[in-house]
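Colleague: here is a sequence with its predicted model. Questions after.
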Amino acid sequence: MLVKTFGAALTGIDAILITIEVDISRGIRFFMVGLPDNAVKESQQRIESAFRVFAYEWPGKRIVINMAPADTRKEGSAYDLPLAIGILAGDEQISRDKVADFMLMGELSLDGSLKAIKGALPMAVRAQSEGFKGLILPRVNAREAAVVEGLEVYGAEHIGEVVGFLNGTGSLERTIVDTNAEFQKGMATCDLDFSDVKGQESVKRALEVSAAGGHNLLLIGSPGSGKSMLAKRLPTILPPLQLKEALETTKIHSVAGKMAGNAALLTQRPFRSPHHTISSAAMSGGGTHPQPGEISLAHNGVLFLDELPEFKRSVLEVLRQPLEDRQISISRSRYALDYPASLMLVASMNPCPCGYYSHPEKACICSPGVVQKYLSRISGPLLDRIDLHVEVVPVSFEKLAEAPVSENSLAVRDRVMKARNIQYKRYHPYEGIHCNAQISTKMLRRFATPNEAGGRLLKNAMEKLDLSARAYDRILKVSRTIADLEGSEDIQAHHVAEAVQYRSLDRSGWAG
């Protein structure tokens, strides 16, 4: 007897429908076709063991299973549940009436319990778009899938519950998630705050400018000056995620298996901080079983690279294309994928190998030329994509003890959101442009031309400080953001003056 069950396969951050055809007839052999990998082929042993635990019979007949489309490779153990249900329905041990109404996904343990799977959210999106009544999957993934409206989601602990539900002899509790309530609840919680940082007012201002314009940021300072502490608080002053952004971010983390147990929706902007020993593949994504890398996991959030010069040159160069295009393209012999990568890059570094070049109290012990050699580990094209270079000077004990409580993150975020709203209205007619950091050189001439006094100041700064050509456009973009923070239509001289201060590494002779 021929029976069809339905599952899903992940491609990038989306899912495609997989039809599992089970034909049981006279004979004794077991065949599985449709490009299953080893994990899928090994499902036979897991299913047989689960059947014995729940007193189901393994058909002593010829079983042929086809997983369509047959030219798409099926990977992973999440097909155990639809395969098992297909075999039971084909052998008439369960009713076939409801089988075609549901998409089924889940990995079976030997005792028949269902283990967590990756990509529950994109699978639920696919089930809803294909017109299925519902989705049955492990209970631990149910809340994640239930954020999709118009789809019945049922979480099960073991195969016995699924069989009872399909037979009508048992029931499964439908998982319902109020997406808007979940979203609002998550937005209100935050463990870090700007008020935790004592002093460093000029650096806090730089982070505010960076957040307001979506600018990439490089923090340069000696060990213990507070670079990491400041960077970790940047997401708290960024505009809150919109629901559409939250769903897209959740899909990426779901596919990568990074969702916390029983979580429904990511409501905080991601903050990814990979170690400097990371490989190019882990940064960009891909692999034998394609997964998003750190660049995509930071989508709609912040990618923080601590000790930037310590990263391999090949890893840093991977960043160049996604920082420009807001997506990363991965091409391998077996597949080609595009992952979203709209992120803010925040990096930190010591000014020299010993860490004390330009320190106000401690002397640098690096030999001549070493500082410049250390900085040259970062390529010009990558620096070209970083708008703000900010020096972080250590705060003395006296200032730490006397420093008053500073603004909290919510107060700074309000100003950032006002500036972002100005930019949204300005760039609304331009597709894919949402903030000042994304505008092209041609758009600079239209939207970021300083007034006469500002133009003169910029000309003098370029000549006297010997700023590089790459600094010119970056100064104009940052000046536009500073003006937006003030609500000023024109870019004035003091806006340009502040923007010039944020180009430390472009100054001739900065590193000796």
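Modeller: Noted; the coordinates are in hand. Residues are numbered from 1 along each chain as shown.
Colleague: which stretches of this protein aren't confidently modelled?
Modeller: For the chain, the stretches flagged by pLDDT under 70 are 185-190, 396-404, 507-512.
Colleague: and residue 246, which helix or strand is it part of?
Modeller: helix 243-255 (DSSP states H and E).
Colleague: just the buried residues of that helix, please?
Modeller: For helix 243-255, a neighbour-count test (16 or more other Cβ atoms under 10 Å) marks 245, 246, 247, 248, 249, 250, 251, 252, 253, 254, 255 as buried. Glycine gets a C-beta too; all of them are placed from N, C-alpha and C.
Colleague: now the residues you listed as JSON lines including distance to residue 14?
Modeller: Below are these laid out as JSON lines (distance: Cβ to Cβ, whole Å):
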{"residue": "245", "distance to residue 14": "17"}
{"residue": "246", "distance to residue 14": "17"}
{"residue": "247", "distance to residue 14": "13"}
{"residue": "248", "distance to residue 14": "11"}
{"residue": "249", "distance to residue 14": "14"}
{"residue": "250", "distance to residue 14": "13"}
{"residue": "251", "distance to residue 14": "8"}
{"residue": "252", "distance to residue 14": "11"}
{"residue": "253", "distance to residue 14": "14"}
{"residue": "254", "distance to residue 14": "11"}
{"residue": "255", "distance to residue 14": "9"}
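Colleague: how about the helices in the stretch 301-450 of the chain?
Modeller: Assigned helices in the stretch 301-450 of the chain, in chain order: 313-317, 320-325, 370-375, 380-383, 397-402, 409-427, 441-447 (criterion: DSSP state H, counting those that start in this stretch).
Colleague: mean neighbour count and distance to residue 302 added to those, as JSON lines?
Modeller: Shown next, in JSON lines, are the helices of the stretch 301-450 of the chain (neighbours: other Cβ atoms under 10 Å; distance: least, Cβ to Cβ, whole Å):
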{"stretch": "helix 313-317", "mean neighbour count": "15", "distance to residue 302": "17"}
{"stretch": "helix 320-325", "mean neighbour count": "17", "distance to residue 302": "13"}
{"stretch": "helix 370-375", "mean neighbour count": "17", "distance to residue 302": "23"}
{"stretch": "helix 380-383", "mean neighbour count": "15", "distance to residue 302": "17"}
{"stretch": "helix 397-402", "mean neighbour count": "10", "distance to residue 302": "26"}
{"stretch": "helix 409-427", "mean neighbour count": "18", "distance to residue 302": "14"}
{"stretch": "helix 441-447", "mean neighbour count": "12", "distance to residue 302": "25"}
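Colleague: who wins for proximity to residue 236 among the ones you listed?
Modeller: Minimum separation from residue 236 across these (Cβ to Cβ) falls at helix 409-427, 3.8 Å.
Colleague: any chance you could list what contacts that closest one?
Modeller: Surrounding helix 409-427, the residues in contact under the criterion Cβ atoms under 8 Å, 6 or more residues apart in numbering are 190, 192-195, 204, 208, 211-213, 233, 236-240, 433-436, 438-439, 447, 481, 484-485, 487.
Colleague: what does stretch 57-64 contact?
Modeller: Applying Cβ under 8 Å, 6+ apart, the contact partners of stretch 57-64 are 22-31, 33, 47-48, 51, 87, 90-91, 93.
Colleague: leaving out sequence neighbours, find the closest residue to the residue at minimal distance from the centre of the chain.
Modeller: In the chain, the residue lying closest to the centroid (Cα atoms, centre = their mean) is residue 297, at 2.4 Å. Excluding its sequence neighbours, the residue lying closest to residue 297 (Cβ to Cβ, 6 or more residues apart in numbering) is residue 272, at 5.2 Å.
Colleague: the strand ranked longest in the chain vs helix 243-255, what angle?
Modeller: The strand that spans the most residues within the chain, counting by DSSP state E, is strand 14-25. Angle of strand 14-25 versus helix 243-255, following axes from the mean of the first three to the mean of the last three Cα atoms, to 10 degrees, is 50 degrees.
Colleague: tell me the buried residues in strand 14-25?
Modeller: Taking 16+ other Cβ under 10 Å as the basis for neighbour counts, the residues of strand 14-25 that come out buried are 14, 15, 17, 18, 20, 21, 22, 23, 24.
Colleague: so which residues make contact with that strand?
Modeller: Looking at what lies outside strand 14-25 - Cβ under 8 Å, 6+ apart - the contacts are 1-9, 59, 61-69, 72, 74, 79, 82-83, 86-87, 89-91, 103, 119, 122-123, 125-126, 130, 251.
Colleague: would you show me how to pick out the buried ones of those in ChimeraX?
Modeller: This is how ChimeraX selects the buried members of the contacts of strand 14-25, with burial counted by 16+ other Cβ under 10 Å:
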select :3,4,5,6,7,8,9,59,61,63,64,65,66,67,74,79,82,83,86,87,89,90,91,103,119,122,123,125,126,251
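Colleague: keep only those of the contacts of strand 14-25 that are in helices.
Modeller: Of the contacts of strand 14-25, the ones assigned to helices by DSSP state H are 82, 83, 86, 87, 89, 90, 122, 123, 125, 126, 251.
Colleague: which two in these are spaced the farthest apart?
Modeller: Comparing every pair within those by Cβ to Cβ identifies 90 and 251 as the most remote, at 33.1 Å.
Colleague: separation between residue 5 and residue 176?
Modeller: Using Cβ to Cβ, to the nearest Å, we find residue 5 at a distance of 25 Å from residue 176.
Colleague: re earlier: any chance of TSV for the helices of the stretch 301-450 of the chain, columns distance to residue 471?
Modeller: Conversion of the helices of the stretch 301-450 of the chain to TSV gives the following (distance: least, Cβ to Cβ, whole Å):
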stretch	distance to residue 471
helix 313-317	20
helix 320-325	17
helix 370-375	15
helix 380-383	10
helix 397-402	31
helix 409-427	22
helix 441-447	13
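Colleague: just tell me which of those helices ends up closest to residue 263.
Modeller: Of all the helices of the stretch 301-450 of the chain, helix 409-427 comes closest under Cβ to Cβ, at 22.8 Å.
Colleague: and that closest one, how far out from the chain middle?
Modeller: A distance of 22 Å separates the centroid of the chain from that of helix 409-427, by Cα atoms, centre = their mean, to the nearest Å.
Colleague: pull the number of nearby residues for the residue nearest to residue 297.
Modeller: Taking other Cβ atoms under 10 Å as the neighbour definition, residue 272 ends up with a count of 19.
Colleague: settle this for me: it is touching residue 301, isn't it.
Modeller: Yes - Residue 272 is within contact range of residue 301, at 7.1 Å (criterion: Cβ atoms under 8 Å).
Colleague: OK, contacts around residue 88?
Modeller: With contacts defined as Cβ under 8 Å, 6+ apart, the neighbours of residue 88 are 56, 94, 163.
Colleague: quick check: closest non-adjacent residue to the last one.
Modeller: Pointing back at residue 163 there. Once its chain neighbours are removed from consideration, residue 163 has its nearest residue in residue 94; the separation is 5.5 Å (Cβ to Cβ, 6+ apart).
Colleague: before we move on, back to that, among the contacts of helix 409-427, which are located in helices?
Modeller: The subset of the contacts of helix 409-427 that ends up in helices is 204, 208, 211, 212, 213, 447, 481, 484, 485, with DSSP H as the criterion.
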